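> Just need the structure, nothing else, for what follows:
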Amino acid sequence: MSQTLPPQPLKRTELVAPHRILRWVFIGFILFVVAGLVIWEVVRVTAPPELAVISPADNLLTSSHRVTLEGKAAPGASVTANGATLPISLNGRFKEDLDLRTGANVITIIASKKFAKPNTIYRRVVVSE
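From the prediction side, this is the model:
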C-alpha cells in the first residue's frame, strides 16, 4: 500500500512566468526611451542657439569707420550687436553696417532664444587713421 502525500502549495517564485518577465522588460524599455526623448528635448530647448559670424574677421585692422557685420544664427533666435537688435531673415542670416570710432572697437554679438542660454561672440576691430 502506497501512501500519497497531500498536494503542497506552490511557492511564489515558482509562479513567475516568462511572459510576465517579458512584459516588464518591454515596459522598462518603453519608459527608458520616453525618458531619453524628454531629456533630449529639454537639452535641445535650453542649449544656446547657433551663431556664426562671417565678417568682420577677429582682430581686423582697417582704415574705414564702417564695417559690415554678417553672419548666421539659428532660425527663431534674436541677434543683437552692441545692444542693437539686428534684422534676421527666415533662414537666420543677418547683415548690418556698423559705425566704428578711431582706435580699438569691440563688437559684441549675442544670439538668444526664449529658454536658452545666450551665445556670445566678440570681434575686435582696430580703425587706424
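> Identify the residues contacting the residue most central in space within the chain.
Most central residue of the chain, judged by C-alpha distance to the mean C-alpha position with CA atoms, centre = their mean, is residue 47 at 2.9 Å. When contacts are counted by CB atoms under 8 Å, 6 or more residues apart in numbering, residue 47 is found next to 116-117. Where C-beta positions appear, they are placed from N, C-alpha and C, glycine not excepted.
> Mind doing that once more with 10 Å?
The neighbourhood of residue 47, defined by CB atoms under 10 Å, 6 or more residues apart in numbering, consists of 74, 113, 115-117, 119.
> Now, of those residues, which are buried?
Burial by neighbour count, judged by 16 or more other CB atoms under 10 Å, picks out 74, 113, 116, 119 from the contacts of residue 47.
> Between the residues you listed, which sits nearest residue 25?
Using CB to CB, the shortest approach to residue 25 within the buried ones among the contacts of residue 47 belongs to residue 116, at 36.7 Å.
> how about that closest one, what does it touch?
For residue 116, the residues meeting the contact criterion (CB under 10 Å, 6+ apart) are 44-49, 74, 77.
> at 8 Å instead, please
Contacts of residue 116 were listed using CB under 8 Å, 6+ apart, and they are 45-49.
> Quick one: the strands in this structure, in order.
Taking DSSP state E as the criterion, the chain contains strands spanning 51-55, 60-62, 66-73, 78-81, 84-86, 93-99, 103-112, 119-127.
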